[in-house]
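sequence unknown, structure follows:
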């Protein structure tokens, strides 16, 4: 199964594809979209179009995406939510299942601490996927989200207990 991880942003959206096999994850591709457009609706359309193109190329079966969290700026959280919406629409348009994970849950799955720093998460992503070249922060976060979903899926397959019983994950099907 190919999993697409998305680290949404209204200026930069990170993406990462992994091939999840029993007892093994393999890196496929990652990068970031520098969102283009003069108006905010144009930028949202750009996220949708570029992700749709990537989905058409790699044919993932599943997309995992970071939940919105409220930090200090409500306007930023609203824009982040809209960027997430554009990404989710691209996935649903392709008939993919979508799962959402909280930032703390992603860090916990990769590092073992929900309060891990970005550098720790990036280091674990590179280790787990045997990557040698440095990753941009947004693409490392996107790969971390994909790995988190792969680990939740593996736990579900081993135990037969839905992974959502152990987390705050939400999944949606088209």
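Noted; the coordinates are in hand. The structure displayed is predicted, hence computed values, not measured ones.

helix or strand for residue 79, which one?
According to DSSP states H and E, residue 79 maps onto helix 74-93.

give the next helix or strand downstream of that helix.
Heading C-terminal from helix 74-93, the first helix or strand you meet, by DSSP H and E, is strand 97-101.

sheet-wise, list the partners of that following strand with their directions.
When pairs are called by DSSP bridges, strand 97-101 turns out to pair with strand 62-66 (parallel), strand 170-172 (antiparallel).

and the next helix or strand past that strand?
That would be, after strand 97-101 and using DSSP H and E, helix 103-111.

what packs against that next one?
Packing contacts for helix 103-111, counted by 3 or more C-beta pairs under 8 Å, 6 or more residues apart in numbering; DSSP states H and E, involve helix 118-128, helix 137-159. All C-beta atoms are positioned from the backbone trio N, CA, C, and that covers glycine.

ok, and which of the ones you listed has the densest surroundings?
Ranked by mean neighbour count, the helices and strands packed on helix 103-111 are led by helix 137-159 with a mean of 22 (mean count of other C-beta atoms under 10 Å).

tell me the SS of residue 53?
Here residue 53 is recorded as helix under DSSP: H, G, I helix; E, B strand; the rest coil.

sorry, back to before: now do the helix holding residue 79: distance to the chain's middle.
Centre-to-centre, helix 74-93 and its host chain are 12 Å apart (C-alpha atoms, centre = their mean, to the nearest Å).

tilt between that helix and strand 62-66?
Put simply, helix 74-93 runs at 180 degrees to strand 62-66, going by axes from the mean of the first three to the mean of the last three C-alpha atoms, to 10 degrees.

state the pLDDT value of residue 53.
On pLDDT, residue 53 comes in at 97.

what about it, neighbour count?
Residues near residue 53, counting by other C-beta atoms under 10 Å, number 12.

what of residue 73?
Counted with other C-beta under 10 Å, the neighbours of residue 73 add up to 10.

now do the contacts for it.
Residue 73 makes contact with no residue, according to C-beta atoms under 8 Å, 6 or more residues apart in numbering.

and the spatially closest residue to residue 131 that is not a sequence neighbour, what does it touch?
In space, and not counting its chain neighbours, residue 131 is closest to residue 27: 6.1 Å by C-beta to C-beta, 6 or more residues apart in numbering. Neighbour list for residue 27: 17-19, 129-131, 143 [criterion: C-beta under 8 Å, 6+ apart].
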